[in-house]
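> Here is my input, please return the structure:
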Amino acid sequence: MKTFATILAALTLTAAAHASKDCNVRDFGAKGDGTTLDSPAINRAIAACDTVHIPAGTYRSGSILLKSNLTLILEANATILGSKDLHDYVSIEPPNHHSLALVGGANLHHVTIEGPGAFDGVSLTDPNGEEHIRGPLGIFLLRAEDITLRNLNVRNSGNWNVVFRHATRITIDGLIVHGGYDGINADDFTHSTITNSKFFVGDDALAGRYWEDVTVSHSELNSPTNGIRMAGHNVLIQDSLISGPAEVAAGASGRHVQEAAFQILANGDGHANLYAKPGPADNMTLSHVKIVNCYTPIYLAQGPGVPYNDHSAGMGKFTLSDVDVELAGNTPMYVAGTADQHVGELVLHNVHIHAAGGLTQQDAHENGTAVFSIMPFSTLYLRYLDKLTIDGLDVRFAQPDLRPAIFADHVGTLSLTASYIARPAGAEPLLEGIALDHLTLGGKPIDHAAADIAAIDLPTGPVYASRPTSFTVTAHAQIPGTDTRIVTIHGTAGSQVFDRDVVLDPRQQEQQAHILFPDNRFSEPPDLPFHFGSITRDLQVLPLGNSTPPPASLKVFTNTNGTVEAQPDGIHIRSKSDGMHLYRKDEYTAAYQPQSLPENATITVRLENPEIHTGWGGRAGIMVRRSIADPAKSSGYLILAASPAGTAMDWDAAGHGMIDQHTPYDGSTIWPLYLRLDRAGIHFTGYTSRDGKSWTKLAEADVPSASGPLDAGFFTFNSTALFTTFTITH
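Just a heads-up that it's a prediction; the model follows:
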């Protein structure tokens, strides 16, 4: 494979014969006709000159290789159009195949790239690239100092658009990025500014680790995943807009709804850094920022189960000041450390949130506390946080939301002043928590009040050991006077201890609170005693026993090293793929009945999410095709499937054996869920239901290649699910 170093050495020898310092690439043989491969001529010009002009035209190009002390000017209507031949690209950081780039260089200093022209990566894919799909990067600068990108357009990159590794004193002004994956992805990135820039991308707008002394201002971040997904020290995001839905669908999932406006991508050990000091993410601030149409605007978490954050260097102080959030989803803020590594401090000053609402605690019973799903709390979920200061928080909902507003688990100091959170009639308590030892409201400490336990609501019928189980405790309290009071709920379930502090509304002297304890695993069969106050209830816990193969009526197929197991409460399917979506890599694990679906029939399944923390990209549901055991080839292919991002229908409209059409992947799922697929010849209609009785139509689709009988079954992709019902009716 050609490398940056070998090509640059050859160009340097060629350039020795040229004395010009300011030149035009056409003088070196570039045609700009959109057909000729012009990158060799452009690279000769760069090697020979200090200032290189690229006039109007379309220049088909492989890798353009930069040098130090260079100004590269793409004039108006000049487009560097990426070659569609991967052999025309070189690795900027060999032997890393993922460092192929349209424009790049290493060990650079004092480089300026100016527009208003554009780099267009033609969305080139690479079967050997990341996720077996991603192609060359847009701009990749490795070990770079004193770099300027000004009034420049970057679009349709095969992977990340602008990439920095070990870079300092970077100035980005007037950069417009459209398409591709991450807008800017930078690690070890210091003393830099990003201003007057716009990102309309298919992955994170700004991403990376170890940003230090960086300011982002007067910019727009439009993303289907995260507006900001990075960690740093002394990072300021100000006077900017972070928005969804995305103009560009997520390259990995096809989604448009933005997951998070600000998500931490925790610093690692930093041992390879050249510029940033190793250490935790700290002193990161959003100031005068507007966030629009984002599912979970703030998601700051670390620890096991958190994507990419299982080896965190820690999380310090985070500040939101003068932040307006419109059209937030079901969980506006999620902040979680671990028992061994707390988040340092969260400051909310003058924060306004308008969220969707319209949910109850019951909606979250089988979702646990998995972010990007249905949380049992409407506004703030906080865990292992040393200090929370709220000075001016205003939260309102489009639909009345009856969930508790705030949950605080081991928050050291919590101060809430000058704040309002809409609490409709019948809403659960304002705040629930565990170990709330230092809580003040309006600058005053809160006194305790006594509570009587009125009921323990357990699942009807037995539960199986190790399955997620939720229960609710109902408490009554009398509030003397008009001061806010806190009551402590204490109880046991077998050997497990449950404690919950509950802040009650001072407007009501007599109150009743329903305290949800979600996502518990019990393993003490057969009869588990619950004791709360004077109330005792028993829950029958059955042993799950050993898994067995599914019944002979079901065939099994997997190309993901997945498993299909018969368990007492249904068929459990687990699968794991290194692909991110079925329309990119047709991998799944399925149980099915061959040729069992005639041209007029209905399939119904009921599925649960038994492991709660299924990845947001996972899918589980109904599958039909001519041969389920022949992926990426068999036609007549359609799925109706759920994920934490909602339920969608996907199908193969072209008849080539791969999914190529789908309904939006935008929403959330309340488990358990029923799915129903009606077939009338090549016409399919998908439905969803909470109870298996009242059905909501999701979508209709024609699959021209789906004639005659089809295989029919249920499956998972990058997910786990428990299927408790599977029927085919004619």
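
> buried set for the longest strand seen in the chain?
Secondary structure of the chain per DSSP state E: the longest strand is strand 380-399. Buried positions in strand 380-399, judged by neighbour count with 16 or more other C-beta atoms under 10 Å: 380-388, 390, 393, 395, 397. Backbone N, C-alpha and C define where each C-beta goes, glycine included.

> got the CA positions of the next helix or strand after it in PDB?
Beyond strand 380-399 on the C-terminal side, the first helix or strand identified by DSSP states H and E is strand 406-417. Extracted in PDB, the C-alpha atoms of strand 406-417 (Å, rounded to 0.1, in the frame of the first residue of the first chain):
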ATOM      1  CA  ILE A 406     -35.900  14.000  39.900                       C
ATOM      2  CA  PHE A 407     -34.100  10.900  41.000                       C
ATOM      3  CA  ALA A 408     -30.900  11.400  43.000                       C
ATOM      4  CA  ASP A 409     -28.900   8.300  44.000                       C
ATOM      5  CA  HIS A 410     -26.000   9.100  46.300                       C
ATOM      6  CA  VAL A 411     -25.800  12.800  45.500                       C
ATOM      7  CA  GLY A 412     -23.500  14.300  48.100                       C
ATOM      8  CA  THR A 413     -24.900  17.800  48.200                       C
ATOM      9  CA  LEU A 414     -28.100  18.900  46.400                       C
ATOM     10  CA  SER A 415     -29.200  22.500  46.400                       C
ATOM     11  CA  LEU A 416     -32.300  23.600  44.500                       C
ATOM     12  CA  THR A 417     -33.300  27.300  44.300                       C
END
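
> Relative to residue 626, which of the buried residues of strand 380-399 is nearest.
Nearest to residue 626 out of the buried residues of strand 380-399 is residue 381 (C-beta to C-beta; 45.1 Å).

> can you map out the strands along the stretch 251-400 of the chain?
Assigned by DSSP state E, counting those that start in this stretch, the stretch 251-400 of the chain shows strands spanning 260-263, 282-294, 298-301, 315-328, 333-336, 343-357, 380-399.

> Mind listing residues that contact the third one?
Residues from elsewhere that reach strand 298-301 (C-beta atoms under 8 Å, 6 or more residues apart in numbering): 226, 259-264, 309, 315, 318, 320, 332-337, 343, 346, 371.

> Domains in the protein, by residue range?
The chain is divided into the following domains under automatic domain parsing: 329-445, 447-542, 555-729.

> Tabulate those in TSV, adding columns for mean pLDDT and distance to residue 161.
Output for those, formatted as TSV (pLDDT from 0 to 100; distance: least, C-beta to C-beta, whole Å):
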stretch	mean pLDDT	distance to residue 161
domain 329-445	89	24
domain 447-542	86	38
domain 555-729	91	18
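
> out of the ones you listed, nearest to residue 48?
domain 555-729 (42.1 Å).

> Next, the distance between the ends of that closest one.
In domain 555-729, first residue to last residue: 19 Å (C-alpha to C-alpha, to the nearest Å).

> What is the distance between it and the centre of its chain?
Per C-alpha atoms, centre = their mean, to the nearest Å, the displacement of domain 555-729 from the mean C-alpha position of its chain is 22 Å.

> let's number from 15 now, not from 1
Renumbered: residue one is now 15, and that last one reads domain 569-743.

> picking up where we left off before, can you lay out the domains of the chain as TSV showing distance to residue 258?
Output for the domains of the chain, formatted as TSV (distance: least, C-beta to C-beta, whole Å):
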stretch	distance to residue 258
domain 343-459	10
domain 461-556	27
domain 569-743	9
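
> Brilliant, that's me finished.
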